[in-house]
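In: My questions concern the predicted model and sequence given below.
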Amino acid sequence: MSDTKTVISYREALYQSMNTALSESPEVVIMGQGVDDHKGTFGSTSNLAEKYGKERVFDIPLSEEGNTGIAIGAALNGLYPIQTHIRNDFSLLAMNQIVNTAAKYKYMYGGHFEVPFLIRMIIGRSWGQGAQHSQSFQSLFAHIPGLVVIMPSSADTVLESYNYAVQKYKGPVISIEHRLLYDYNFNSNYNSNSNSQFKENPFTSRLIREGSDITIVATSIMVIEAQRVSDYLFREFKIDCEIIDLHAISHFNKEMILKSVKKTGKLIVADTSWRAYGVCAEISRIVCETDPSMLKAPVVSLGMQPTPCPTTKKLEDLFYTDDYTFTKKIIELVKGKNHNIPMTERSMNEAYKNFKGPF
Amino acid sequence: MISLYKNLFYQSLRIRMVEEKIIEIYPSDKIQSPVHLSIGQEAVAVGICNNLLKTDLLYSSYRSHAYYLAKGANLNKMFAELYGKVTGCGKGKAGSMHLAEKSVGFMGSSAVVASTISHAVGSALASKRLNKNQVCVATFGDGASEEGSYHESLNFASVFKLPVLFVCENNGLAIHSTIDQRHSYKIHEHAKSYNLKSTYIEEGYDFMKINSLISETINEIKLTGLPQVVEIKTYRYKEHVGIGDDHHVPYRSSKDFDNWKSVDPLIQDKTLINEFSEKINAEIEAAVNFAEQSEFPADSELFTDIY
Ligand SMILES: Cc1ncc(C[n+]2csc(CCOP(=O)(O)OP(=O)(O)O)c2C)c(N)n1
Ligand SMILES: [Mg+2]
């Protein structure tokens, strides 16, 4: 089982999950702009149209609201549609259908209907994505009862969640992927043949590093950042971080977070989006409503600066949280502001340095 | 006096040479921004803008370099913008996808498909209400006509009798999807169902023909105050985004490409190319130099301009 350990990239995990969905579930169709072209949604749907036929994997017009409604209608009548938005930003055109109909279809009609479908949306970052190709809308969606909103941060969270969504879950799932994760390689323990595959609901959070000094709650690519920063802090200063990959933005594991904060007394939330009214605010709400006395210091949150994303790299570098700030905030939380720890490393994530668009 | 043909040729060639310069610079990574090149489609922007006053307002998509230049915006500021410099038309915050220059009536270019079409309609509403006597122009791709807001915009402009020129630049592609994969209708025919006049030009390389049709159309719009649609067939030489050629990929054919090139004045008219190249090159070199010499925005710029 877990000795079948392999290394796969995020992109390969996405591809595998799409491939499995089509091969295991005849009701699955992938309908999205460009899913059948030679770039194959950044490699995640490559050649699937050839393999499964263009009745099951097909390109659709640039009509996001209509397309989403069409997917909902198809789901109401027996298909499992998978849709894609190559940038999270474009999903705003589908918001009406997602929020006003999909999310409510079961409840509003008294529980008689199911709308099982998956919408994949990709966050862009770096290399001049600018104001309209870089947004990260998890909190907008997670605000709405009726939606499952996930942000897979690894190959296994993709595989677990997508296979579960397609094979078990009966409602709309919004998955927000990160473009810069596509080239990351991950150790994978996922075993699709295992009987225990769906023993646990994957729409929850994951404790990915145990530590005693501070709790880091992170989303999407910030989970990778948290790991790198934590490794560095432990190696250099024996600061021991606990990391929770929030993963299910709409259905995260509150108990896991509370238990961890109770232990460490310190909380830092690192999200890919703006902090106001977002994931950072929500996690703080949960802690405050439960027992703020478990905090030994004020909560710290990290996210995008409260501006639209500037295109020029000079300003874009300031717009996102860098490792230096992340590290500094943790040291200050754990050791106090007068910590006297020399901070030299000002490394930017390799992926940001290496990513050369244009897309 | 320089002939109309030479004038339009010059403008079109200038746009092409600017974009060829971008292609040359791009591998150096000094332009860190996705670029959607207009190479092959220059005649459309030139043919439209030649008939507009600075006070007429134009909105376009992310494929905006040609419109920016044809509408008369400054080349130095364009290269500076692509370089992410504070002297750019958007202080580096815009990049290639969001060029705009208010002083010449180039009102915006959005990276979300079809999202500026309605802005032209709204500007025409204001123009009518405030007696500004402007024509407002929306330019967009064939793919954009699939969005609901395109149809909503045509309907509104027609019902409210607004002076809008809608120009569809039909290059037959939305990224890699061909138009027959996406359309059950012909854009110029279908537009007529909104009770407005609509015309079609097949020769999107022919700036003279485009110019004369647009001239007629704009005169009519000014006279009647009513909206019109013009669809212009054109050809995208480069990949959707980026600087590469992708005619080796089966979604399109190099035969079509060869056909377009064989009638493209910017390739065929060697005499004029020779006559104008030196002057244009000098202007481009100066603009690139300006961009190179300019400063990046100060850190504090991150927090300016948020209303
Ligand atoms: C609302 C929205 N959906 C999808 C996209 C992704 N996208 C960017 S350009 C493009 C194709 C647009 O084609 P067309 O309107 O014909 O313009 P062209 O690129 O050919 O000039 C698509 C689908 C987007 N930017 N916005
Ligand atoms: Mg097009």
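Out: Here it is on my side, so go on. Numbers count the residues shown, from 1 in each chain, chains lettered A, B, ... in the order given. Ligands and ions are numbered 1, 2, ... in the order given.
In: CA atoms for contacts and neighbours, from now on please.
Out: Noted.
In: would you list every one of the strands in the stretch 1-150 of chain B?
Out: Remark: strands assigned in the stretch 1-150 of chain B by DSSP state E, counting those that start in this stretch are B:57-61, B:106-110, B:136-141.
In: same question but for the stretch 151-300 of chain A, I mixed them up
Out: Taking DSSP E, counting those that start in this stretch as the criterion, the stretch 151-300 of chain A contains strands spanning A:172-178, A:185-188, A:206-209, A:214-218, A:241-245, A:267-274, A:300-304.
In: Between those strands, which one is closest to B:His176.
Out: When the strands of the stretch 151-300 of chain A are compared by Cα to Cα, strand A:172-178 sits nearest B:His176, at 22.2 Å.
In: tell me the angle of the closest one relative to strand A:267-274?
Out: Taking axes from the mean of the first three to the mean of the last three Cα atoms, to 10 degrees, one finds strand A:172-178 and strand A:267-274 inclined to each other by 90 degrees.
In: Format the strands of the stretch 1-150 of chain B as JSON lines; extra columns: mean neighbour count and distance to B:Phe79.
Out: Below are those laid out as JSON lines (neighbours: other Cα atoms under 10 Å in any protein chain shown; distance: least, Cα to Cα, whole Å):
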{"stretch": "strand B:57-61", "mean neighbour count": "29", "distance to B:Phe79": "18"}
{"stretch": "strand B:106-110", "mean neighbour count": "24", "distance to B:Phe79": "16"}
{"stretch": "strand B:136-141", "mean neighbour count": "26", "distance to B:Phe79": "22"}
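In: Reformat the ones you listed into a markdown table and put distance to B:Gly47 next to each item.
Out: Formatted as a markdown table, those follow (distance: least, Cα to Cα, whole Å):
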| stretch | distance to B:Gly47 |
| --- | --- |
| strand B:57-61 | 13 |
| strand B:106-110 | 15 |
| strand B:136-141 | 12 |
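In: residues near the closest residue to B:Asn211 other than its chain neighbours, how many?
Out: Excluding its sequence neighbours, the residue lying closest to B:Asn211 (Cα to Cα, 6 or more residues apart in numbering or on different chains) is B:Gly47, at 4.1 Å. Neighbours of B:Gly47 under the rule other Cα atoms under 10 Å in any protein chain shown: 26.
In: got it, and the one 4 residues further on?
Out: Neighbourhood size, B:Asn51 [other Cα under 10 Å]: 18.
In: quick one: contacts for it?
Out: B:Asn51 is in contact with B:211, B:214-215, B:218, counting by Cα atoms under 8 Å, 6 or more residues apart in numbering or on different chains.
In: Check B:Ala80 too.
Out: B:Ala80 neighbours (Cα under 8 Å, 6+ apart): B:86-89, B:92, B:287-288, B:290-292, B:294.
In: Would you quantify the distance from it to ligand 1?
Out: Between B:Ala80 and ligand 1 the distance is 23 Å, computed by Cα to the nearest ligand atom, to the nearest Å.
In: Then A:Ile221?
Out: 23 Å.
In: what sits against that residue?
Out: A:153, A:178, A:180-181, A:272.
In: ok, now how distant is it from A:Thr321?
Out: A:Ile221 sits 11 Å away from A:Thr321 when distances are taken as Cα to Cα, to the nearest Å.
In: my guess is A:Asn253 meets A:Ser205, correct?
Out: Yes. The pair A:Asn253 / A:Ser205 is scored as a contact, 5.2 Å apart, by Cα atoms under 8 Å.
In: joint contacts of the two?
Out: A:Leu246.
In: Do you know the pLDDT at residue 112?
Out: As the question left the chain open, I've gone with chain A. pLDDT, A:His112: 97.
In: look at chain B instead
Out: Here the pLDDT value assigned to B:Val112 is 98.
In: related to what we said a few turns ago, how about the contacts of A:Ile221 in CSV, adding neighbour count and pLDDT?
Out: Below are those laid out as CSV (neighbours: other Cα atoms under 10 Å in any protein chain shown; pLDDT from 0 to 100):
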residue, neighbour count, pLDDT
A:Ser153, 26, 98
A:His178, 23, 98
A:Leu180, 18, 95
A:Leu181, 20, 97
A:Thr272, 27, 98
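In: Closest one of those to B:Ile15?
Out: Closest to B:Ile15, out of all of the contacts of A:Ile221 and judged by Cα to Cα, is A:Leu180, at 33.2 Å.
In: That closest one is in contact with A:Ser134, isn't it?
Out: No. Look at A:Leu180 against A:Ser134 with Cα under 8 Å: they stay out of range, at 11.3 Å.
In: Could you pull out the residues contacting both of those two?
Out: A:124-125.
In: thinking again about what came up before, just the buried subset of the contacts of B:Ala80, written out for ChimeraX, thanks.
Out: Here is the ChimeraX command that selects the buried residues among the contacts of B:Ala80 (16 or more other Cα atoms under 10 Å in any protein chain shown):
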select /B:86,87,88,89,92,287,288,290,291,294
